[in-house]
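Visitor: just the structure for this:
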Amino acid sequence: MARNHKPEEIIGKLREAEIVLAQGGTVADACRRIGVTEQSYYRWRKEYGGLKLDQARRMKELERENARLKRLVADLSLDKAILTEATRGNF
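Guide: Okay, the predicted model is just below:
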């Protein structure tokens, strides 16, 4: 079952995995301990590795804002194309 984890949960789990690895455990051991697949662990480490909690939250906020702005630009571009086409037919 896929579950969306919050950035603070991910950072906590990555820290827990780091402890297991520092104690000589394997990545597989660390993944079992935090309850995720190795694929998720590596993806999280790539995205959140080295980030502090506030930085991770800010990054997610910016990603959401960026997605919202992209949708807005797409909607406005479509509106402009429709209006341009409509004015061509009126003259």
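Visitor: host element of the nearest residue to residue 40 once chain neighbours are set aside?
Guide: In this structure, residue 40 finds its nearest non-sequential neighbour in residue 31, 7.8 Å apart by C-beta to C-beta, 6 or more residues apart in numbering. To be clear about C-beta, it is placed using only N, CA and C from the backbone, and glycine gets the same treatment. Assessed by DSSP states H and E, residue 31 sits inside helix 27-34.
Visitor: just the CA atoms of that helix, as CSV, please.
Guide: What follows is helix 27-34 as a C-alpha-only set of coordinates in CSV (Å, rounded to 0.1, in the frame of the first residue of the first chain):
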residue,chain,number,x,y,z
VAL,A,27,20.8,-0.7,3.8
ALA,A,28,18.3,-3.6,3.8
ASP,A,29,18.4,-3.7,7.6
ALA,A,30,17.8,0.1,7.8
CYS,A,31,14.9,-0.2,5.3
ARG,A,32,13.3,-3.0,7.3
ARG,A,33,13.7,-0.9,10.5
ILE,A,34,12.0,2.2,9.1
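Visitor: tell me who's in contact with the residue nearest the centre of the chain.
Guide: Central residue check for the chain by C-alpha atoms, centre = their mean: the C-alpha nearest the mean position is that of residue 60, 6.3 Å away. Contacts of residue 60 were listed using C-beta atoms under 8 Å, 6 or more residues apart in numbering, and they are residue 7.
Visitor: check it and give its pLDDT.
Guide: According to the predicted model, the pLDDT of residue 60 comes to 86.
Visitor: same check on residue 88?
Guide: Per-residue confidence at residue 88 stands at 87 (pLDDT).
Visitor: buried ones in the helix or strand harbouring it?
Guide: When secondary structure is defined by DSSP H and E, residue 88 falls within helix 53-90. Of the residues in helix 53-90, residue 56 count as buried by neighbour count, 16 or more other C-beta atoms under 10 Å.
Visitor: kindly report the same for stretch 30-42.
Guide: For stretch 30-42, the buried set under the neighbour-count rule, 16+ other C-beta under 10 Å, comprises 30, 31, 34, 36, 40, 41.
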